[in-house]
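Student: Could you work out the structure for the sequence below:
(2 chains)
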There are 2 protein chains.
Amino acid sequence: MQQESNAQAPLNPGVVFDMVQAHQRTAALNAAIQLDVFRAIGEGPGDVASIARHCSASERGIRILCDFLVINGVIAKEGGRYAHTPSSAAFLDPASPACMASVAQFLSAPQIVQADEHLAEIVRAGRTNLPGQGTVEPENPVWVLFAEKMAPMMGPMAGPLGAVVLEGQSGPMRVLDIAAGHGLFGIEIAKQNPKAQVTGLDWAPVLRVALDNARKAGVHDRYDMLPGSAFEVEFGGPYDAVLLTNFLHHFDHATCVGLLKKVRAALKPGGRAATLEFVPNEDRVSPPMPAAFAMTMLTTTAEGDAYPLSALTAMHKEAGYSATKAHPIPMSPHTIVMGYA
Amino acid sequence: MQQESNAQAPLNPGVVFDMVQAHQRTAALNAAIQLDVFRAIGEGPGDVASIARHCSASERGIRILCDFLVINGVIAKEGGRYAHTPSSAAFLDPASPACMASVAQFLSAPQIVQADEHLAEIVRAGRTNLPGQGTVEPENPVWVLFAEKMAPMMGPMAGPLGAVVLEGQSGPMRVLDIAAGHGLFGIEIAKQNPKAQVTGLDWAPVLRVALDNARKAGVHDRYDMLPGSAFEVEFGGPYDAVLLTNFLHHFDHATCVGLLKKVRAALKPGGRAATLEFVPNEDRVSPPMPAAFAMTMLTTTAEGDAYPLSALTAMHKEAGYSATKAHPIPMSPHTIVMGYA
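Tutor: Numbers count the residues shown, from 1 in each chain, chains lettered A, B, ... in the order given. Alright, predicted model coming up:
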């Protein structure tokens, strides 16, 4: 749905009805994941009876659930049998290495979805209803969950990010990964450049997840850990590159500028800061996914936002960076925004 | 989204992400209704500051909420100002007589949305997790709420339904409105034919809502009440027409046939039974709205369904009707299905 055409869209009560009932979609996807429906569909033959058997579920329930997934474009149906779409095969079948089922688990965590019931009061107050600073409250355990569950969504972006950050650099270099989370971005740098030394910064319990991933990737001998808050610990350095992935959106403009200044002070001359962000167009209502992300920042933070490129560029400028460059990642709602010291 | 094309749809993780986050849409619409955002937009000028003032809400909250509504096609945005679409002006602004805000309230009633948390177990069991027969449990207070809140959604269908049922009949006639609810369908018959005598059948507390509406329409002198269950009370009659609106979908095939038999026995020769139903195509996955309604029947009833026309025709046949005829209602997910005695 595009906002340009909204003003002229034909009269249609379905728009309202669709929005009222949208919650059923989240519930249906989560139920299908819990019941292992996507594995059953992948294994075939895809008729109601065999899926119901696989899932230890009723035929009425499976038929209505699977039809609902078809209606919403998640799976396909032909001749009464259900089958994967290319996307459900890749992203929802547990047999696929790119399965994102755990992403659904993270994004449906009680701490996150509870905001739905309080959205009017959140809009009134203009900030999360969660205690303190919301999800960015120190040591919030939600980030361990994030590190564990969101890797499948972030993994595909690591390759492009690594290439943009390295700019072909193959010699020894030092990289700081702020709010490392699952650690995949720093690990990718270490994989692409065998001479890169990476330091992951995050709360200690989160870094354990990152170190585990570094071990799996065989780069743990070049992976150091700096536990704590990005706003409090000394960064050390100097670094050739600093990664700030999925981080700035949690904070207001002034906080971002302050952090970017601290980052710049830890960069070598010619070094760069790489942010990975949801970057909507200047109209803030397109493209849909990055623009809609502002809602999640409203419900879970005190002052976060989905910043358009003009806002991120202004932050860089105020923090003393000489140039800003944006690299949208294909097939993803994310953009890499580079700031050059 | 069309199921025919699902199997060939390009690889897109956005389909999954969109489904995971869909619950935010319901929350956003409900919050905007609660905060009176749609009235503020209708009154103009539509900038963030003035909407925030009208709604006693923060500017950050209003800006993010309104952008989210634009992204989802509900309202429009131009030059930083928000404006109604034709649909939001008609169906969401409380200043509009067709405002459907109360429909959102009904469809977000705790009794209905609580199913989301239990959908996997509902699919396993193949039936609602509500006690007894779910929403069709005798005297369930949800139907008073339905009668009060759903009238704006049903109102626009009353005109077409009245015309189809009357077939030009302007002389004296008797009409039974089973599960009358808000009563609007029977009342419409009485309005279109000043010689029609209408009997509303429903639980007594629901009929009070219907009688109130009959009074407002000035037809209460031709409106009788028959309180009780359609499965238990004597229908009386004989009737020229019986209305069975939004009712069969709550029950299984055998129960529907039994009820249709009882209805036929109360019809005059040449009489007709008019059902108003969500009627999906035979593939049960199109059109989206009537097909998706099966999910609501799964979560709120023991054996209800969204029946395709073949199933409704078979019920008519088994119940002894001589013919079945379907009249889809334009701009609505509903179809009028006539059965001729």
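Student: So residue A:236: helix, strand or coil?
Tutor: coil (DSSP: H, G, I helix; E, B strand; the rest coil).
Student: Tell me how many other residues surround it.
Tutor: Close neighbours of residue A:236, defined as other C-beta atoms under 10 Å in any protein chain shown, add up to 13. C-beta coordinates here come from the backbone N, C-alpha and C atoms, glycine included.
Student: Which residues are in contact with it?
Tutor: When contacts are counted by C-beta atoms under 8 Å, 6 or more residues apart in numbering or on different chains, residue A:236 touches A:176, A:199, A:226, A:266.
Student: ok and the residue in the stretch 101-250 of chain A nearest chain B?
Tutor: residue A:126 (2.6 Å; C-beta to the nearest C-beta).
Student: what's around the residue nearest to that residue when sequence neighbours are not counted, how many residues?
Tutor: Residue nearest to residue A:126 in three dimensions, not counting chain neighbours: residue B:58, with 2.6 Å by C-beta to C-beta, 6 or more residues apart in numbering or on different chains. By the criterion of other C-beta under 10 Å, residue B:58 has 19 neighbours.
Student: which residues does residue B:58 contact?
Tutor: A:123, A:124, A:125, A:126, A:127, B:52.
Student: Distance across stretch A:327-336, terminal residue to terminal residue?
Tutor: Criterion C-alpha to C-alpha, to the nearest Å; first-to-last residue distance in stretch A:327-336 is 5 Å.
Student: So it, near chain B or not?
Tutor: Yes. Among the residues of stretch A:327-336, A:331, A:332, A:333 lie within reach of chain B under C-beta under 8 Å from any C-beta of the partner chain.
Student: Can you tell me which of those residues has the lowest confidence score?
Tutor: Here the lowest pLDDT out of the residues of stretch A:327-336 next to chain B sits on residue A:331, with 81.
Student: could you flag which of the residues of stretch A:327-336 next to chain B are buried?
Tutor: Buried by 16 or more other C-beta atoms under 10 Å in any protein chain shown: A:332, A:333, out of the residues of stretch A:327-336 next to chain B.
Student: Let me have the residues of stretch A:327-336 next to chain B in a markdown table, extended by secondary structure.
Tutor: Below are the residues of stretch A:327-336 next to chain B laid out as a markdown table (three-state DSSP):
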| residue | secondary structure |
| --- | --- |
| A:331 | coil |
| A:332 | coil |
| A:333 | coil |
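Student: Is it possible to get the residues of stretch A:327-336 next to chain B out as CSV so that each row also shows distance to residue B:74?
Tutor: Below are these laid out as CSV (distance: C-beta to C-beta, whole Å):
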residue, distance to residue B:74
A:331, 27
A:332, 26
A:333, 20
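Student: In three-state terms, label residue A:229 for me.
Tutor: Quick answer, by three-state DSSP: residue A:229 is coil.
Student: these two touch, right, it and residue A:138?
Tutor: Yes. Under the criterion of C-beta atoms under 8 Å, residue A:229 makes contact with residue A:138 at 6.2 Å.
Student: Quickly list what's touching both of those two.
Tutor: Common neighbours of residue A:229 and residue A:138 (C-beta under 8 Å, 6+ apart) are residue A:203.
Student: re earlier: got a PyMOL select line for the buried ones in the contacts of residue A:236?
Tutor: Typed into PyMOL, the next command selects the buried ones out of these (criterion: 16+ other C-beta under 10 Å):
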select buried, chain A and resi 176+199+226+266
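Student: Dump the contacts of residue A:236 to JSON lines, plus pLDDT and distance to chain B.
Tutor: Shown next, in JSON lines, are the contacts of residue A:236 (pLDDT from 0 to 100; distance: C-beta to the nearest C-beta, whole Å):
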{"residue": "A:176", "pLDDT": "98", "distance to chain B": "28"}
{"residue": "A:199", "pLDDT": "98", "distance to chain B": "30"}
{"residue": "A:226", "pLDDT": "98", "distance to chain B": "31"}
{"residue": "A:266", "pLDDT": "98", "distance to chain B": "31"}
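Student: what sits against residue A:21?
Tutor: B:26, B:107, B:292, B:296.
Student: Among the residues you listed, pick out the one closest to residue B:84, please.
Tutor: Nearest to residue B:84 among the contacts of residue A:21 is residue B:26, at 20.3 Å by C-beta to C-beta.
Student: Name the nearest residue to the closest one, ignoring sequence neighbours.
Tutor: Using C-beta to C-beta, 6+ apart, the nearest residue to residue B:26 is residue A:23, at 4.0 Å.
Student: give me phi/psi at that neighbour?
Tutor: phi -60, psi -30 (degrees, to the nearest 10).
Student: ok, it touching residue B:112?
Tutor: No. The pair residue A:23 / residue B:112 is not scored as a contact, 9.8 Å apart, by C-beta under 8 Å.
Student: just how off-centre is the one helix or strand residue A:201 maps to within its chain?
Tutor: Taking DSSP states H and E as the criterion, residue A:201 maps to strand A:196-202. Taking C-alpha atoms, centre = their mean, to the nearest Å, one finds strand A:196-202 lying 20 Å from the centre of the chain it belongs to.
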